[in-house]
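Enquirer: pasting the sequence and the predicted coordinates here, then a few questions.
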2 protein chains.
Amino acid sequence: MAQNIYDQTDFFEGYRRLGRSVEGLDGAPEWPALRAMLPGIDGTSIVDLGCGFGWFCRWARAHGAKEVLGLDLSEKMLAQARAAGPDPAIAYERADLDELSLPAARFDLAYSSLALHYVSDIAQLFATVHRALVPGGAFVFSTEHPIYMAPTNPGWSVDAEGRKTWPVDHYLVEGPRTTDWLAKGVVKHHRTIGTTLNQLIRAGFTIGHVEEFRPTDAQIVATPELAEELERPMFLLVQARR
Amino acid sequence: MAQNIYDQTDFFEGYRRLGRSVEGLDGAPEWPALRAMLPGIDGTSIVDLGCGFGWFCRWARAHGAKEVLGLDLSEKMLAQARAAGPDPAIAYERADLDELSLPAARFDLAYSSLALHYVSDIAQLFATVHRALVPGGAFVFSTEHPIYMAPTNPGWSVDAEGRKTWPVDHYLVEGPRTTDWLAKGVVKHHRTIGTTLNQLIRAGFTIGHVEEFRPTDAQIVATPELAEELERPMFLLVQARR
């Protein structure tokens, strides 16, 4: 059973005020890169693992998806997703990604934005997703980058000359990391890029694209504080095919 | 044209004294992990990109390889490789990996140990290697890990509590890095893991295994100073198939 931090009041109140919660997909700087990794959406059946407020589910429907299943552990997020507009082709359901079951060969696309780092048994989840996709189906996801997640003490360090660095340690010690982000005691699961990719391959996926998110020059001009994202990657984006 | 640092006297004199130069493959802690990624060697034709003193070429012959082509830019290393024992089935030739040409569909295995970070145009090299492999042929290589290579100031930082960290910056700024290792002004080419894998995929390879080298617990017991390798990865190991 995964930690249900999103339903904790302090976390939820913080999270729902983030740019990506208020503005939706366009409030997430990595969205254009993730979107570029998606297959054609028109006429597809999609499952969204960790759908949150349902922004992607609604975007997919607006782009011609036949049906979308949005799954999340958070009742509060599902309630807000459902309230955002009824659409008979979107089903929002409660699910724990650590204990997920899905019908076989049912979806053309499995999508997940920043949810997989909360999953402890990634091998089991990848096997479930692989089975749930049709042959040739795509799995596109973002997760926190292991460089971002690994450190004992994740945060910028500034040296005497004002140089900003990200002090990495414990990178090769995989396992849970407890941090205070929006609320105290948020548990995430650190895995190397190698482990993530090898578990996908072991589940039967073919790796299609791997991106360590870098804001574009245009994004940095528009939002200068994104420049610090050049120093260390915050997100890992992956596209794989069944 | 790549920098020929290995033929510079100070670099060569330092390099030839390293454990991996004196003891060969067993002096390299990542060798067992890399070896586990190799296909069967018996009866194969192999090209070794950056063969150095020829340790792998001789190992492959001892394990039944039909013929091995060892390529290196360094005349000094090639001379020492040739002097290590004549074998009509091993050819040592001088080659610049930045301007490599190889015959088509000629090799079952392309191998490279810690040479690709000296290559500036990796897309061109991957295309050349892909063309040179038979269908189903394997490409197995190690390269310096981008976490190790990225920083402006690569080296450990020790905080007030004695915690050792590796200060990462410029991770998403790809391009040359000049460091002083054995000699001044050694030029390496920093690329993210994403770029390395995407260029392999673009060249036509299927990714088989990706490993960010972690010494085993047994290796750390035998060589306690390897424990620091848990803090940040030094090597990236990849297996791909044509």
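Expert: Received the coordinates, thanks.
Enquirer: and the longest strand belonging to chain A, what does it pack against?
Expert: If you go by DSSP state E, chain A has its longest strand at strand A:133-144. With contacts defined as 3 or more C-beta pairs under 8 Å, 6 or more residues apart in numbering or on different chains; DSSP states H and E, the packing partners of strand A:133-144 are strand A:107-113, strand A:235-241. C-betas here are computed from N, CA, C, even on glycine.
Enquirer: of all these, which one is nearest A:Glu75?
Expert: Proximity to A:Glu75, assessed across those by C-beta to C-beta, is greatest for strand A:107-113 (18.9 Å).
Enquirer: run the angle between that closest one and strand A:133-144 for me.
Expert: Strand A:107-113 and strand A:133-144 are oriented at 10 degrees to each other (axes from the mean of the first three to the mean of the last three C-alpha atoms, to 10 degrees).
Enquirer: get me the contact residues on chain A for chain B.
Expert: A:147, A:151-153, A:157, A:159, A:163-173, A:192-194, A:197-198, A:201, A:206-212, A:214, A:229-233 (C-beta under 8 Å from any C-beta of the partner chain).
Enquirer: in PyMOL, how would I select the buried members of these?
Expert: To isolate the buried ones among these in PyMOL, judged by 16 or more other C-beta atoms under 10 Å in any protein chain shown, type:
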select buried, chain A and resi 147+151+157+165+166+167+168+169+170+171+172+192+193+194+197+198+201+207+208+209+210+211+212+214+229+231+232+233
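Enquirer: among the residues of chain A next to chain B, which are in strands?
Expert: A:157, A:164-168, A:206-212.
Enquirer: how much space between A:Leu38 and B:Ala150?
Expert: Remark: distance between A:Leu38 and B:Ala150 (C-beta to C-beta, to the nearest Å) = 29 Å.
Enquirer: now swap in A:Gly194 and tell me
Expert: In terms of C-beta to C-beta, A:Gly194 sits 17 Å off from B:Ala150.
Enquirer: cool, and A:His130?
Expert: Taking C-beta to C-beta, one finds A:His130 at 33 Å from B:Ala150.
Enquirer: neighbour count: those two, which is higher?
Expert: Shown here are A:His130 and B:Ala150; by other C-beta atoms under 10 Å in any protein chain shown, B:Ala150 has more neighbours (24 against 19).
Enquirer: so that one sits against B:Asp169, correct?
Expert: Yes. B:Ala150 lies in contact with B:Asp169 (C-beta atoms under 8 Å); the separation is 7.0 Å.
Enquirer: helix or strand, whichever it is, which one in chain A has the lowest mean pLDDT?
Expert: helix A:19-22 (a mean of 83; mean pLDDT, DSSP states H and E).
Enquirer: distance from the chain centre to that one, please.
Expert: In this view, helix A:19-22 has its centroid 14 Å away from the chain centroid, taken as C-alpha atoms, centre = their mean, to the nearest Å.
Enquirer: and if you look at stretch A:143-152?
Expert: On C-alpha atoms, centre = their mean, the centre of stretch A:143-152 falls 13 Å from the chain's centre.
Enquirer: give me the mean pLDDT for it.
Expert: The average pLDDT within stretch A:143-152 is 96.
Enquirer: what distance separates the start and the end of that stretch?
Expert: End-to-end distance for stretch A:143-152, by C-alpha to C-alpha, to the nearest Å: 19 Å.
Enquirer: got it, and stretch A:142-160?
Expert: 35 Å.
Enquirer: check stretch A:47-65 too.
Expert: Using C-alpha to C-alpha, the end-to-end distance of stretch A:47-65 comes to 11 Å.
Enquirer: buried residues in that stretch?
Expert: Using 16+ other C-beta under 10 Å as the test for burial, stretch A:47-65 gives A:47-61, A:65.
Enquirer: just list the residues touching A:Ile207, thanks.
Expert: Going by C-beta atoms under 8 Å, 6 or more residues apart in numbering or on different chains, A:Ile207 touches A:Leu197, A:Leu200, A:Ile201, A:Val238, A:Gln239, A:Ala240, B:Leu197, B:Ile201, B:Thr206, B:Ile207.
Enquirer: nearest to B:Ile122 among these?
Expert: B:Ile122 lies nearest to B:Leu197 out of those, by C-beta to C-beta, at 10.9 Å.
Enquirer: so who does the nearest residue to that closest one once chain neighbours are set aside touch?
Expert: In space, and not counting its chain neighbours, B:Leu197 is closest to A:Val210: 4.7 Å by C-beta to C-beta, 6 or more residues apart in numbering or on different chains. Going by C-beta under 8 Å, 6+ apart, A:Val210 touches A:Ile193, A:Leu197, A:Leu236, A:Leu237, A:Val238, A:Gln239, B:Ile193, B:Gly194, B:Leu197, B:Asn198.
Enquirer: how big is the angle separating the longest strand of chain A from strand A:206-212?
Expert: Using the same axes, to 10 degrees: strand A:133-144 against strand A:206-212 is 20 degrees.
Enquirer: between strand A:235-241 and strand A:133-144, find me the angle.
Expert: Using the same axes, to 10 degrees: strand A:133-144 against strand A:235-241 is 170 degrees.
Enquirer: mind listing what's buried along strand A:133-144?
Expert: Within strand A:133-144, judged by 16+ other C-beta under 10 Å, the buried ones are A:Leu133, A:Gly137, A:Ala138, A:Phe139, A:Val140, A:Phe141, A:Ser142, A:Thr143, A:Glu144.
Enquirer: chain A: helices as residue ranges?
Expert: Remark: helices assigned in chain A by DSSP state H are A:9-15, A:19-22, A:31-35, A:55-62, A:75-83, A:122-132, A:146-149, A:193-203, A:217-222.
Enquirer: just those helices: most buried one?
Expert: Comparing the helices of chain A by mean neighbour count (mean count of other C-beta atoms under 10 Å in any protein chain shown), helix A:146-149 comes out on top with a mean of 23.
Enquirer: same for that helix, what does it pack against?
Expert: For helix A:146-149, the contact count by 3+ C-beta pairs under 8 Å, 6+ apart identifies strand A:164-168, strand A:183-190 as packing neighbours.
Enquirer: now the shortest one - C-alpha only, PDB.
Expert: Right, the one you point to is strand A:164-168. Extracted C-alpha coordinates of strand A:164-168, given in PDB (Å, rounded to 0.1, in the frame of the first residue of the first chain):
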ATOM      1  CA  LYS A 164      25.300  26.500  -7.200                       C
ATOM      2  CA  THR A 165      25.700  22.800  -7.100                       C
ATOM      3  CA  TRP A 166      23.500  19.800  -6.300                       C
ATOM      4  CA  PRO A 167      25.300  17.600  -3.800                       C
ATOM      5  CA  VAL A 168      24.800  14.000  -4.800                       C
END
